[in-house]
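> when you get a sec, could you give me coordinates for this:
(chains A and B)
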Amino acid sequence: MELQERFTELQAQGLGIAAISYDTEEVLADFAQRRGITDVPLLSDDDSAVIRAFGIYNHVAEEGIGDNKDNAAVKADVEKYVSVFGANPMIVGTPFPGTFVVDRDGRVTSRFFEEFYRERNTAANIMLKLGAPLSGISGSTGETPHLDIAASQSNPDITVGSRFHLALDITPKPNMHVYAPGAAELGYRVIDVQLDTPDFIRALPIQYPPSESYYFEPLDERADVFMQPFQLIQEIVVGGSPEAAEQLAQIDVLTLTGRLDYQACDDKVCFNPVSVPLTWTLTVNQLDRERAR
Amino acid sequence: MKQSLSALVIGICILFFMQTSANAQDREEIDVAALGPQVGEQIPEFALPDQNGTVQTLESIMGEEGAMIVFHRSADW
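Down below sits the predicted model:
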């Protein structure tokens, strides 16, 4: 459980943690014992009263087994919010899954809810969005004549529906710059990541940090560039469909490959565009099928 | 008499069908982003037992900068 693994880091960021579900204390005690969860409070809301008080009770689970269960719109919502395998009385009482981050007064500062019940931000991904990134998992490093590049990833392992991120920490060499999105209109090749994604992986648009404006005297023009060390973030969503789960079930390791494309210039010369191969390796965690005794 | 009974049954069936359709049509589209407390709003109080039987509240789990409260479907399946 990622929250347990990251507990110390989250605490160091000053955040308390609780995970709430409709499970009974007995189920949670068994789960905690099996998975070695000693730090994160797993709270039992077995009558769903708190889930209802928060206004996130999943009423679709009830509709899916009620009078309207054959209605097309209900069926579509069941697939999206309850189960891709159809409604099941066991799911009644659950919340729409999501995360609230609150300040010390209990006021919401951020919230993370996904449209598809199987997709879930990892804690590391949430912390990145909160501007307090947890330590990444270091990957490969590389060097070109223009840049130093270090690849990392938010999580060592992923599962069905994980929403996580890959990162590239890039340090331009002295006097060197590469082009930021605003420079595209001037005809420069903007630094970009292209991933070769399997069907069950969705790569979201690259997240760029703020750039700086660079004056290139020989052409008397200004362009948006990166000259200081910067980070590119590639957010990834692992599919949650049965087909995606089936494909993931057949692998233990997911290797994502791609390319970093860029064009670098110094204060005198613009060099030819470059394409650097990239690789990230993630362990695939299969869904926990073990039940409480 | 038989005819009126048939008409009544058909009428009930139509009413039932209309009601069922209305229920289905009345369903509001779900927007998970709009559910529950929004940014800036207060979350409800809670007091729930943890895996060790200790009752936890927002206050008891609170960190120096705040808290992260994760709602998940189940630890059991």
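
> report how many residues lie close to A:Val50.
Residues contacting A:Val50 under the criterion other C-beta atoms under 10 Å in any protein chain shown number 23. Every C-beta, even on glycine, is put in place using the N, C-alpha and C of the backbone.

> residues contacting it?
Residues touching A:Val50, when contacts are defined by C-beta atoms under 8 Å, 6 or more residues apart in numbering or on different chains, comprise A:Ile20, A:Leu43, B:Pro44, B:Phe46, B:Leu48.

> show me which pair in these is furthest apart.
A:Leu43 and B:Pro44 (13.3 Å; C-beta to C-beta).

> helix/strand/coil for A:Gln231?
Following DSSP: H, G, I helix; E, B strand; the rest coil, the label given to A:Gln231 is strand.

> that one: neighbouring residues, count only.
By other C-beta under 10 Å, the residues close to A:Gln231 number 17.

> hey, what's the residue nearest to it when sequence neighbours are not counted bridged with?
In space, and not counting its chain neighbours, A:Gln231 is closest to A:Asp169: 5.3 Å by C-beta to C-beta, 6 or more residues apart in numbering or on different chains. With DSSP bridges as the criterion, the beta-bridge partners of A:Asp169 are A:Ala150, A:Gln231.

> tell me which residues touch A:Asp169, please.
In this structure, A:Asp169 makes contact with A:Ile149, A:Ala150, A:Ser152, A:Pro229, A:Phe230, A:Gln231, judged by C-beta under 8 Å, 6+ apart.

> of those residues, keep whichever come out buried.
Neighbour counting by 16 or more other C-beta atoms under 10 Å in any protein chain shown classes A:Ile149, A:Ala150, A:Ser152, A:Phe230, A:Gln231 among these as buried.

> in CSV: these, plus pLDDT.
Shown next, in CSV, are the buried ones among the contacts of A:Asp169 (pLDDT from 0 to 100):
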residue, pLDDT
A:Ile149, 93
A:Ala150, 90
A:Ser152, 87
A:Phe230, 96
A:Gln231, 94
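
> possible to save those residues as TSV with distance to B:Ala67?
As requested, the buried ones among the contacts of A:Asp169 are arranged in TSV below (distance: C-beta to C-beta, whole Å):
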residue	distance to B:Ala67
A:Ile149	37
A:Ala150	32
A:Ser152	27
A:Phe230	31
A:Gln231	27
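
> without its sequence neighbours, what residue ends up closest to the residue in chain B that chain A sits nearest to?
As assessed by C-beta to the nearest C-beta, chain A sits closest to B:Glu65 within chain B, at 3.1 Å. In space, B:Glu65 comes closest to A:Gly14 once its chain neighbours are excluded; the distance is 3.1 Å by C-beta to C-beta, 6+ apart.

> before we move on, what about A:Val276?
Counting by C-beta to C-beta, 6+ apart, A:Val276 lies nearest to A:Leu260, which is 4.4 Å off, once chain neighbours are set aside.

> name the SS class of that neighbour, please.
Three-state call for A:Leu260 (three-state DSSP): strand.

> bridging residues for it?
Applying DSSP bridges to A:Leu260 gives these bridge partners: A:Val193, A:Val276.

> right, and it touches A:Pro273 too?
No - with contact defined as C-beta atoms under 8 Å, A:Leu260 and A:Pro273 do not form a contacting pair (11.1 Å).

> which residues in chain B form strands?
With DSSP state E as the definition, chain B shows strands at residue ranges B:47-49, B:55-57, B:66-71.

> check which residues of the first one are buried.
What that stands for is strand B:47-49. Of all the residues in strand B:47-49, those buried under the rule 16+ other C-beta under 10 Å are B:Leu48, B:Pro49.

> residues in a beta bridge with A:Thr99, which ones?
Taking DSSP bridges, one finds A:Phe112, B:Val70 as the beta-bridge partners of A:Thr99.

> touching, it and B:Val70? I think so.
Yes - the pair A:Thr99 and B:Val70 passes the contact test of C-beta under 8 Å, sitting 4.8 Å apart.
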